[in-house]
Structure formats: structure tokens, C-alpha cells
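Colleague: Let me see the structure of the following:
(one chain, ligands or ions: 1)
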Amino acid sequence: MVKAQWVFDGGRPCLDLVNTLRDRHRGGRELLTSPSALVEWLVLAGLLPRPVTAPADSLAVAIALREAVDRVARGAGRPVDVRLLNRHARNAPVPQLRIDGDGVAHRRLDAPDPVEGAFGTLAVDAIDLATSEADVRICAYDDCGLRFADTSPKRNRQWCSMSRCGNRAKARAHYARTRTRGR
Ligand SMILES: [Zn+2]
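Modeller: Coordinates of the predicted model:
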């Protein structure tokens, strides 16, 4: 399996998808480099129960969905992005009830195709996000560019994650302070 530098700090699956293009401020570093990388991400994101062979065009579909999600999440969605999200959302798995011989009820999610179903779930999540109270922010660290949903009580979260950019920023501020003092 591919071992990419996935990050799951977006707070929502659809923003984690957006963050599969890292370093957006520096032109972008693509982590969705192959259909198998896409499948690895979908499994790790909990959107596929097990690896499957993704159709060859699924990578391009995922990237088009990802960029539409990003524009909509940043309030820059175009009509074509809205149509794309709505089209994918129709493939989201729907709960199906099954009652076995002992009368026990089981809930199963039904999707036309596992990968299309995962795209549907991501589109529904993006629609939920766009119509929610959460603020979508971009990490304040210079070159990071990761997106996250700010649900902090004061809506003042700055970093995609404290352990990555928060600490980098603190270390840099400390370095700047000690250098000024040394002069
Ligand atoms: Zn960051």
C-alpha cells in the first residue's frame, strides 16, 4: 500500500479530502497520486470498509469533487460546483432495514458502488458543512494551507493542529524573541 502523508485534522471528512492536496500556498503537493492511493485514503477515512479496485477514472472524479468541495467550503462555489456536489450526493448510501429470522433488526448501508457511495457521503458532508454554523478556516501557518472546520467556542482556532503548526509557530516565536533579546 502507498504510505502518503495523510492528515485527518479537518474536523470533517470533506475537509480531510480537500487536505489531500497539501501545501496549497506553495502550488500544492498532490497525495492522491493513483487510484490505489485514493482507495487507501477512503479506507483510512472510514468511507470504505475494505480496499477495493477503484475504476481508472475514479482519481480524476475524486480530484474534481475535492476542488468543488474546497470552493464551496470557502464560499467561492460556482453553479457547476453546486451541480457536481448535488449529483454525487444522490449516490450516498441509504440505510436499509433487514430483519432476520429471529426478529432482530439490522441496519445496512446500501450504495450503488462502494467508491461512488463514498464520494456521495463526502458530497453530503460538504452540503452539511456549507449549511452549518461551522467556520471553515485555513491554517494560519505561512505555508500550510490546510483547511479545517472551526467549531471552537470562540471561533478562534488558528492552526490545523497544535502538534504540527501550533508548535512550529510557537517555536518560531520563541526563536524570534531570544534573537531580539540577544542583540
Ligand atoms: Zn497547519
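Colleague: Contacts (any at all) between the ion and the lowest-mean-pLDDT helix or strand in the chain?
Modeller: Across the helices and strands of the chain, mean confidence by mean pLDDT, DSSP states H and E is lowest for helix 167-182: a mean of 81. No: contact check for helix 167-182 against the ion, using Cβ under 5 Å from the ion: none in range, with a minimum separation of 7.9 Å. Where you see a C-beta, it was placed from the backbone N, CA and C, and this is true even at glycine.
Colleague: So what touches that helix?
Modeller: In this structure, residues lying in contact with helix 167-182 by Cβ atoms under 8 Å, 6 or more residues apart in numbering are A140, Y141, Q158, W159.
Colleague: next one: the helix or strand containing L38 to chain centre, how far?
Modeller: Using DSSP states H and E, L38 sits in helix 35-44. Put simply, helix 35-44 sits 13 Å off its chain's centre (Cα atoms, centre = their mean, to the nearest Å).
Colleague: same question, stretch 113-120
Modeller: Using Cα atoms, centre = their mean, the offset of stretch 113-120 from its chain centre is 15 Å.
Colleague: show me where pLDDT drops low in this protein?
Modeller: Across the chain, residues meeting the criterion (pLDDT under 70) sit at 1-4, 181-183.
Colleague: what are the phi and psi angles of the closest residue to E30 other than its chain neighbours?
Modeller: Counting by Cβ to Cβ, 6 or more residues apart in numbering, L21 is the residue found nearest to E30 once chain neighbours are left out, at 5.9 Å. The phi and psi values for L21, taken as degrees, to the nearest 10, are phi -110, psi 100.
Colleague: what's the answer for R22, then?
Modeller: When read as degrees, to the nearest 10, the backbone of R22 gives phi -80, psi 170.
Colleague: wait, it sits on G145?
Modeller: Yes: at 7.4 Å, R22 and G145 qualify as touching, with contact defined as Cβ atoms under 8 Å.
Colleague: hmm, back to that, past the helix holding L38, which element shows up next along the chain?
Modeller: Sequence-wise, the next helix or strand beyond helix 35-44 is helix 58-73, with elements assigned using DSSP H and E.
Colleague: Beyond that next one, next helix or strand please.
Modeller: Assigned by DSSP H and E, the successor of helix 58-73 is helix 79-89.
Colleague: I appreciate the help and will end here.
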